[in-house]
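# sharing a sequence plus its predicted fold:
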Amino acid sequence: MLTILFDGVAYGMLLFVLACGLAVTLGLMNFVNLAHGVFAMGGGYITALLMNRAGVPFLATLPLAFLIPALAGLVLERLLYRWLYGASQLDQVLLTIGLVLMAVPAFDYFLTDQAQQIHLPAYLEGRIEFHGVSLGAYRLFLILVCGLIAALLQIFLVSTRFGAQLRAAVDDPRVAAGLGVDVERLFAVAFATGSGLAGLGGALAADVVGGVDPNFPIKFMVSFLIVVAIGGSRGIAGAFFGALLLGVLDVAGKYYFPSIGAFIIYAVMVTTLILRPQGLFAKGGA
Amino acid sequence: MSAFASDEAARVSRHLLRRRRWRPLEIAAWLAPPALILIFPSRALLINEILILGLFALSLDLALGFGGLVSLGHAAFLGIGAYTAGILASRGVNDPLLGLLIASALAGLAGLVTAPLVLRGADLTRLMVTLGVSLLLGELANRNAWITGGADGLDFTVGRLFGVFALDFTGRRAAALYSFVVLFVLFALARRVMRSSFGQSVQAVRQSRLRAGALGVPANRRLIAIYGLAAAYAGAAGALIAETTQIVSLDIFDFHRSADVLLMLIIGGPGYLYGGLIGAAIFVGLRDLISGATPEYWEFWIGLLLVALVSVGRERVEAALARFARRPYLTRPGEAAP
């Protein structure tokens, strides 16, 4: 029971790191980015390839799994995304579906459709007994790392000048720009950071989800959207609780009610959207 | 005052009547598919697929192009239609037309029931709700294997059309012609409905809900009605898939289906009824062409086309095409801000 809760929390934390970039672009900036999973897949591939082909240790690959997708995000934002901030959400959906459609065959072409497995270092394998509860070492590692990232992000957004500017720019870009905030640069940096975190999440997730393959963006798109749907438009904190809720529900649901499987998750998503179109954790709303 | 009003009403109805007339080019275009089916029987399977996906895209056009309701889960209704027709056939009710009618009616009912969910909130909520509903239905079909066959798919035999024409793989030509007739009848109906005062009021709601409301148009009722109609059309497309392939599997509810139909409609251009059909022909034709050279990777090119289309600006492309074609029914009046 506690083990399931623990696994669920670990999975939820992981989902948070994967989806928090989307919580900013979709939840705050209202940009429907269905291609978010592409960056996560990129990070997963970077770690897997560096480990398997170059023998780089797992932890050393993580900074690159963050940096390269962040750079890719920056380039794509400058090239494509930024023209559509004010456009209809249909156009945003079309652009990002187009990107997914391009990314999946491209990865397939260069890296085959075989899933790339990663082999965790020995110190992250095995289980730890703790007051009679058996905890996976890697799960514990995930909770620590992802929890740290969540805390840093929250502090960053709430108490730094950059965070305040970003929140202002999201609330009202015109007024923020009028007050001397460089909105374009802020959005670009936020987008790049979100993409980088997705990449890092993808690298961390590669083991849990059984390796990365080219269909990763499509398989996980729905999970990301659910996190943001439950978390609502209140950014990092909402997405954090949304991700935790989804992680625990998913793991517990699969364990206790295997016969209805993913049904619970989708039902939660649709019910949330019906009851509170702005998300479960939105202020006011309904 | 009343004389002015009736003058105006007469003018409007004259205009609608004029718009309902079939143009020579339209008639010629409708003669092409049956001719192609008869001349190239070996391509009947491909043409059949284009016709059915065209119907599916037409259905999305009713919701999106005319009603302004975006959807990422239109496959929900396609799946309901396909499974209804399939389950009926597997339980012995295997008359194709009866199956088509029941499937379409059930899907339409599902559309009416889910419409209130879709009307709430903004586009973003709509996208997620429609996606969620289609995933939910897919999972439901997956878990109720006793009736849907689950992951193995549902196998069945459909009876002959009017007791004469076989629709299975021995009668590919008959199947494609059957799909064509269904598409044509439903298209003509949609064309008639969209050029009636009801259709005009639906478009008024899309352009500005506020102004349409001020003119006395019950906005929500109109949108629910058009969404139900669109769902019934999608159900008919699903039934056609089931009846002409004689198998239904879970992938009918896939996100891929919903995304593809959106792409087809966008490629063809929403809001003038022919867009879905043209888009389906381009989409399936491109797939056939490209996947002959590089199978599996053809989606890359569709993705590239889409990214280019959106980046250049869909309105600009449409306007350029409309100027090029110089056909009044290709142009759309500019949309007012919501």
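That came in fine, so what should we check first? A quick note: this is a predicted structure, and the numbers were derived from the prediction, not measured. Numbering: from 1, shown residues only, chains lettered A, B, ... in the order given.

# so how far is B:Ser179 from B:Leu286?
Remark: distance between B:Leu286 and B:Ser179 (C-beta to C-beta, to the nearest Å) = 20 Å. C-beta: built from backbone N, CA, C; applies to glycine.

# of those two, which one has the most company?
Neighbour totals were compared for B:Leu286 and B:Ser179, and B:Ser179 leads with 28 against 15 (other C-beta atoms under 10 Å in any protein chain shown).

# what pLDDT is listed against the more buried one?
Predicted confidence (pLDDT) at B:Ser179: the value is 91.

# which residue comes closest to it once chain neighbours are left out?
Once flanking residues are discounted, B:Ser179 sits nearest to B:Leu51: 4.3 Å by C-beta to C-beta, 6 or more residues apart in numbering or on different chains.

# can I assume that neighbour is in contact with B:Ala175?
No. With contacts counted by C-beta atoms under 8 Å, B:Leu51 stays clear of B:Ala175, the gap being 9.8 Å.

# run through the residues that contact the residue nearest the centre of chain B.
In chain B, the C-alpha nearest the mean C-alpha coordinate belongs to B:Ser59, at 2.4 Å (C-alpha atoms, centre = their mean). Residues near B:Ser59 by C-beta atoms under 8 Å, 6 or more residues apart in numbering or on different chains: B:74, B:77, B:230-234, B:236-237, B:276.

# which of the residues you listed sits closest to chain A?
B:His74 (12.7 Å; C-beta to the nearest C-beta).

# tell me the predicted confidence for that closest one.
Confidence score, pLDDT, at B:His74: 94.

# one more: B:Ala3?
64.

# before we move on, what SS does the residue nearest to B:Ser179 have?
Using DSSP: H, G, I helix; E, B strand; the rest coil, the structure places B:Leu51 in helix.

# what is the neighbour count of it?
Neighbours around B:Leu51, by other C-beta under 10 Å: 29.

# same question for B:Ala10.
B:Ala10: 10 neighbours (other C-beta under 10 Å).

# contacts for the helix or strand containing it, please.
Assigned by DSSP states H and E, B:Ala10 belongs to helix B:2-20. Contact partners of helix B:2-20, identified using C-beta under 8 Å, 6+ apart, comprise B:191-192, B:195-197, B:200, B:329.

# continuing past that helix, what's the next helix or strand?
Immediately after helix B:2-20, counting by DSSP H and E, sits helix B:24-39.

# who are the packing partners of that following helix?
If you count contacts as 3 or more C-beta pairs under 8 Å, 6 or more residues apart in numbering or on different chains; DSSP states H and E, helix B:24-39 packs onto helix B:44-60, helix B:172-194.

# and residue 137, what does it touch?
All of this refers to chain A. So A:Ala137 contacts A:123-128 (C-beta under 8 Å, 6+ apart).

# not quite, go with chain B.
B:Leu137 neighbours (C-beta under 8 Å, 6+ apart): B:76, B:79-80, B:253.

# the same query, at a cut-off of 10 Å, please.
Applying C-beta atoms under 10 Å, 6 or more residues apart in numbering or on different chains to B:Leu137 gives the contacts A:266, B:73, B:75-77, B:79-80, B:83, B:110, B:114, B:252-253.

# got it, and B:Leu183?
B:30, B:33, B:50-52, B:54-55, B:58, B:233, B:236-237, B:240, B:277.

# format those residues as JSON lines; extra columns: distance to A:Gly178 and pLDDT.
Listed next are the contacts of B:Leu183 as JSON lines, based on distance: C-beta to C-beta, whole Å; pLDDT from 0 to 100:
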{"residue": "B:Trp30", "distance to A:Gly178": "56", "pLDDT": "89"}
{"residue": "B:Pro33", "distance to A:Gly178": "57", "pLDDT": "86"}
{"residue": "B:Ile50", "distance to A:Gly178": "52", "pLDDT": "93"}
{"residue": "B:Leu51", "distance to A:Gly178": "55", "pLDDT": "94"}
{"residue": "B:Ile52", "distance to A:Gly178": "53", "pLDDT": "95"}
{"residue": "B:Gly54", "distance to A:Gly178": "49", "pLDDT": "95"}
{"residue": "B:Leu55", "distance to A:Gly178": "51", "pLDDT": "96"}
{"residue": "B:Leu58", "distance to A:Gly178": "46", "pLDDT": "95"}
{"residue": "B:Tyr233", "distance to A:Gly178": "48", "pLDDT": "96"}
{"residue": "B:Ala236", "distance to A:Gly178": "53", "pLDDT": "95"}
{"residue": "B:Ala237", "distance to A:Gly178": "51", "pLDDT": "95"}
{"residue": "B:Leu240", "distance to A:Gly178": "56", "pLDDT": "92"}
{"residue": "B:Leu277", "distance to A:Gly178": "48", "pLDDT": "94"}
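
# closest to A:Leu197 among those?
B:Ala237 (40.5 Å; C-beta to C-beta).

# correct me, but the closest one touches B:Ile50?
No. Assessed by C-beta atoms under 10 Å, B:Ala237 is found out of contact with B:Ile50, at 11.8 Å.

# between those two, which has more neighbouring residues?
Shown here are B:Ala237 and B:Ile50; by other C-beta under 10 Å, B:Ala237 has more neighbours (32 against 26).

# returning to that earlier point: the residue nearest to B:Ser179 and B:Pro96, how far apart?
Taking C-beta to C-beta, one finds B:Leu51 at 15 Å from B:Pro96.

# tell me the contacts of the closest residue to the residue nearest to the centre of chain B other than its chain neighbours?
Ranked by C-beta to C-beta, 6+ apart and with sequence neighbours excluded, the top spatial neighbour of B:Ser59 is B:Tyr233, at 3.4 Å. By C-beta under 10 Å, 6+ apart, the contact list for B:Tyr233 reads B:55-63, B:77-78, B:81, B:104, B:107-108, B:111, B:183, B:186-187, B:189-190, B:276.

# report the buried members of those.
B:55-63, B:77-78, B:81, B:104, B:107-108, B:111, B:183, B:186-187, B:190, B:276 (16 or more other C-beta atoms under 10 Å in any protein chain shown).

# lowest-pLDDT helix or strand in the chain?
No chain in the question, so chain A it is. When each helix and strand of chain A is scored by mean pLDDT, DSSP states H and E, strand A:127-130 comes last, with a mean of 71.

# packing partners for that one?
Counting contacts by 3 or more C-beta pairs under 10 Å, 6 or more residues apart in numbering or on different chains; DSSP states H and E, strand A:127-130 packs against helix A:2-22, strand A:133-136, helix A:137-159.

# how about the CA coordinates for that strand, as CSV?
Extracted C-alpha coordinates of strand A:127-130, given in CSV (Å, rounded to 0.1, in the frame of the first residue of the first chain):
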residue,chain,number,x,y,z
ARG,A,127,15.5,-1.5,-3.3
ILE,A,128,15.9,0.1,0.1
GLU,A,129,14.0,-1.2,3.1
PHE,A,130,12.8,1.7,5.2
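
# right, I'll leave it there.
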